[in-house]
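Novice: fold the following and give me the result.
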Amino acid sequence: MSLLSVQDLTVTFGMQTVLRDISFDVSAGETLAVIGESGCGKTVLLKTLMDLIQPTWGRVVFEGQELGKLTEAELTKARTNYGFVFQMAALFDSMTIEENLLFPMVQHTKQPRQEMMNTVLKLLDEVGLSTNILPKHPAELSGGMRKRVGIARALVLHPKIVLYDEPTTGLDPIMTDVINRLMQRMAETYAITSVIVTHDMTTVRNVADRVIMLYPTAFLKPKQSQILYDGPAKLIERSADKRIHNFVFGDGSERLNEV
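Specialist: Down below sits the predicted model:
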């Protein structure tokens, strides 16, 4: 049985359909990258995977439970199996790094403080950060450091799945490689399932087992699938579909002509 199953998922906002009839499964331990140009619904999809956005149609099933049918208390409990790494880290500005890292455990567990701190210190070391940052606030850290804190925070509850929203956006090539290596290491060390929304083909090549590519519904004919590709990461560059080729190799000439 799949850890996560998306079945006939459609999400609309007013008259705009962002996701249309999306279906796929994610196996335990798999690292799935979701790619596609801006406006194709990648981040919306990511948020529906933990019911932060409710489907207009279809369903999301996690470990055999349909999220949309859970009570608020059941959904809160189910979400403790998820880690979420937000695009800009989304740390609490008014809290220190220590308080940010402790926050999920304080909210969802009754662990003694020393036990929580042991988890914080272990994860901080694993993402390559010094304990010197613990009394600092997010604004005092670089973008790459904030991203690494975000990854550590996503792991403090020992989730079964981690969702990453554009984890390398705004980073230089060296820090991008650091974050890619961290995602890979965390998946291997903790046997975590990962879903990574990204524009970065370097992340796809170096981290993902499998890739799903979405296409904006505005450019699709009524019966065309929004999923252009669902397969091994190492094979996507060989696709004969020009839309896939253009995205993978960054060729915007046809889109320029459309404008």
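Novice: strands of the chain, residue ranges please.
Specialist: Assigned by DSSP state E, the chain shows strands spanning 4-13, 16-26, 31-35, 57-62, 65-66, 82-85, 161-165, 193-197, 210-214, 227-232.
Novice: next, format those strands as TSV and append distance to Thr203.
Specialist: Glycine gets a C-beta too; all of them are placed from N, C-alpha and C. As requested, the strands of the chain are arranged in TSV below (distance: least, C-beta to C-beta, whole Å):
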stretch	distance to Thr203
strand 4-13	20
strand 16-26	17
strand 31-35	7
strand 57-62	24
strand 65-66	30
strand 82-85	13
strand 161-165	9
strand 193-197	6
strand 210-214	10
strand 227-232	15
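Novice: how about the ones you listed in a markdown table, adding mean pLDDT and mean neighbour count?
Specialist: Below are those laid out as a markdown table (pLDDT from 0 to 100; neighbours: other C-beta atoms under 10 Å):
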| stretch | mean pLDDT | mean neighbour count |
| --- | --- | --- |
| strand 4-13 | 96 | 17 |
| strand 16-26 | 96 | 18 |
| strand 31-35 | 97 | 24 |
| strand 57-62 | 96 | 18 |
| strand 65-66 | 95 | 13 |
| strand 82-85 | 92 | 23 |
| strand 161-165 | 95 | 24 |
| strand 193-197 | 97 | 24 |
| strand 210-214 | 97 | 24 |
| strand 227-232 | 97 | 16 |
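Novice: any stretches of the stretch 151-259 of the chain with poor pLDDT?
Specialist: Across the stretch 151-259 of the chain, the ranges flagged by pLDDT under 70 are 255-259.
Novice: give me the pLDDT value at the nearest residue to Gln65 once chain neighbours are set aside.
Specialist: Spatial nearest neighbour of Gln65, excluding adjacent residues (C-beta to C-beta, 6 or more residues apart in numbering): Ala78 at 6.4 Å. Here the pLDDT value assigned to Ala78 is 94.
Novice: Ala78 against Lys69, yeah?
Specialist: No: using C-beta atoms under 8 Å as the test, Ala78 is too far from Lys69 to be in contact (11.0 Å).
Novice: show me which of those two is the more surrounded one.
Specialist: More crowded of Ala78 and Lys69, by other C-beta atoms under 10 Å: Ala78, with 16 against 10.
Novice: spit out the contact partners of the more buried one.
Specialist: Going by C-beta atoms under 8 Å, 6 or more residues apart in numbering, Ala78 touches Phe62, Glu63, Gln65, Leu67, Leu70.
Novice: skipping adjacent residues, who's closest to the second one in space?
Specialist: Leaving aside its sequence neighbours, Glu63 sits nearest to Leu3 (C-beta to C-beta, 6+ apart; 6.4 Å).
Novice: next: the fourth one.
Specialist: Distance criterion C-beta to C-beta, 6+ apart; nearest residue to Leu67, sequence neighbours excluded, is Asp51 at 4.2 Å.
Novice: pretty sure that neighbour contacts Gly68?
Specialist: Yes: taking C-beta under 8 Å as the definition, Asp51 is a contact partner of Gly68 at 6.6 Å.
Novice: looking at these two, which is more packed in?
Specialist: Asp51 (18 against 14).
Novice: which pLDDT value belongs to that one?
Specialist: We note a pLDDT of 94 for Asp51 in this prediction.
Novice: where's it relative to Phe84, distance?
Specialist: Separation of Asp51 from Phe84 (C-beta to C-beta, to the nearest Å): 12 Å.
Novice: residues contacting the spatially most central residue of the chain?
Specialist: Nearest to the mean C-alpha position of the chain, counting by C-alpha atoms, centre = their mean, stands Tyr164 at 2.3 Å. Neighbouring residues of Tyr164 by C-beta under 8 Å, 6+ apart: Val85, Met183, Ser194, Val195, Ile196, Val197, Thr198.
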